Each structure stands twice: as C-alpha cells, then as structure tokens.
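1. dropping the sequence and predicted coords here.
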Amino acid sequence: ISQVFNKFKSLSRMFFTLNLEHEIVLHPQYLGQEIRYMLEKRLHEEVEGICHGIHGYVITVFRVVSIGEGRILPSSGSVLFRVKYRALMLRPMLNEVVDAIVTTVTPDYVRAEVGPLEIGIFRDNIPDMTYDGSTQPPSFVGTNSMSRLTVGMPVRARLIGVKMKTTNITAVGTLAGDFLGFGPADDFS
C-alpha cells in the first residue's frame, strides 16, 4: 500500500492520505463471527467516493486503524461503532494538470470526470474547435475537421478554477496550453 501512495505522491500534490473517523450502525443480525468483515465492508460502501469538505474526496480506504466498542441503540437494538481509518484522498489544486474522461458535450462546454471530480471545460477554453451538434453523439470538431472531441474520450486539462463545498468539489479546466488536449488514451501514458 505504501508503494501505491508513494507513486501517487510523486505524481501529484492532489493525492494524499488522511486519518478519518466514521460511525457505522449494524443491525443485530450482523453481530456474529463476521462482524469485522461487515464493518469493513460497510465502511468502504459508505465513505468511498464521498466528499469531506476541505479534505476532498475519499478515493479508497487503505486500512482500518481501530474499531471502537459498540454502543447499543435502545430504539432499534442496532449497534453503533466508531471506526477510525486511513484513506487515500483526492483534493484538486489550482493549476493542477489532470487526465480525465469526457462525459458530456454541449454547445457551451465539455464536462469531464476524474473519479468523483467533475470538471467543466467551457468553449472558450477549447482552442481551435467548434461545436457540431449534427453528429451523434455531439462533439467539438477541429478546424481541419480531422480531430473530434466527444463523449468517452480522454482529455488532459489544467484546472483554472476549483470550488470546494461541504458535499462536493467542482472544477473548471482548460485544454489550451502545452501538452494539454485530447487524443487516444495511449497518448497520455
């Protein structure tokens, strides 16, 4: 696991690890020999892909640090556990260069995703291309009509705006600049 983190750490400042806590409620039917497995499974289901405000998105849970003693909830008989864990986080930084996948193309912008992060790339930040709504799916077409930017394509964008909220993070990107743009996935490896 540390090798994976060191790879991310050397590639980018927007990936880091963080110790966090989460409360999990388990129904009495899960209170048996498999309790640790159930708690870890629920932890992954409940926190991965979730935004933690200024800390960013939880990409994955590396390990469970500790599981507190359960507290019985009188109203239901369920048990509440406080779980401490270490997670890989994604917090985008201004001017960071990211590889993303295009998910939406409209006349005004292209939306791309890096995991749970959505990036809006407005028409003014897509150089030498115009919108073509006559094709299915819609796309931006290069001035030479040979290049086409459409849904499912990989793009390399620079983040020129990042807005952090408590439940999500949105970003604005640009394809204008050296080594930015789109093409086959092999071009970005």
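-> Sure, I can see it.

2. what about the helices in this structure?
-> For the chain, the helices defined by DSSP state H cover 2-11, 35-47.

3. mean pLDDT for the ones you listed: which is lowest?
-> With a mean of 48, helix 2-11 has the lowest mean pLDDT of these.

4. low pLDDT regions in the chain?
-> Counting by pLDDT under 70, the chain shows low-confidence ranges at 1-12, 145, 183-189.

5. okay, now Y57: neighbour count?
-> Close neighbours of Y57, defined as other CB atoms under 10 Å, add up to 23. C-beta here means a position set from N, CA and C on the backbone, and glycine is covered the same way.

6. gap between it and G152?
-> For Y57, the distance to G152 equals 22 Å [CB to CB, to the nearest Å].

7. same deal with P107?
-> Taken as CB to CB, the span from P107 to G152 is 19 Å.

8. name the residue in these two with the higher neighbour count.
-> Between P107 and G152, counting by other CB under 10 Å, P107 is the more crowded of the two (11 against 8).

9. most distant residue from the middle of this structure?
-> P74 (37.4 Å; CA atoms, centre = their mean).

10. got phi/psi on that residue?
-> phi -60, psi -30 (degrees, to the nearest 10).

11. which ones are touching it?
-> Under the criterion of CB atoms under 8 Å, 6 or more residues apart in numbering, P74 has no contact partners.

12. kindly report the same for R86.
-> Here R86 is in contact with 17-20, 61-63, 65 (CB under 8 Å, 6+ apart).

13. 7 Å - rerun?
-> If you count contacts by CB atoms under 7 Å, 6 or more residues apart in numbering, R86 has them with 17, 19, 62-63, 65.

14. which non-adjacent residue is nearest it?
-> Computed as CB to CB, 6 or more residues apart in numbering, the closest residue to R86 that is not its neighbour in sequence is F62, at 4.7 Å.

15. surely that neighbour and A87 touch.
-> Yes: between F62 and A87 there is a contact at 6.2 Å, judged by CB atoms under 7 Å.

16. what is in contact with these two at once?
-> With CB under 7 Å, 6+ apart as the test, F62 and A87 both reach T17.

17. greatest separation within the contacts of R86: which pair is it?
-> T17 and V65 (11.4 Å; CB to CB).

18. and these two? Which one has more around it.
-> Shown here are T17 and V65; by other CB under 10 Å, T17 has more neighbours (17 against 12).

19. this completes my enquiry, with thanks.
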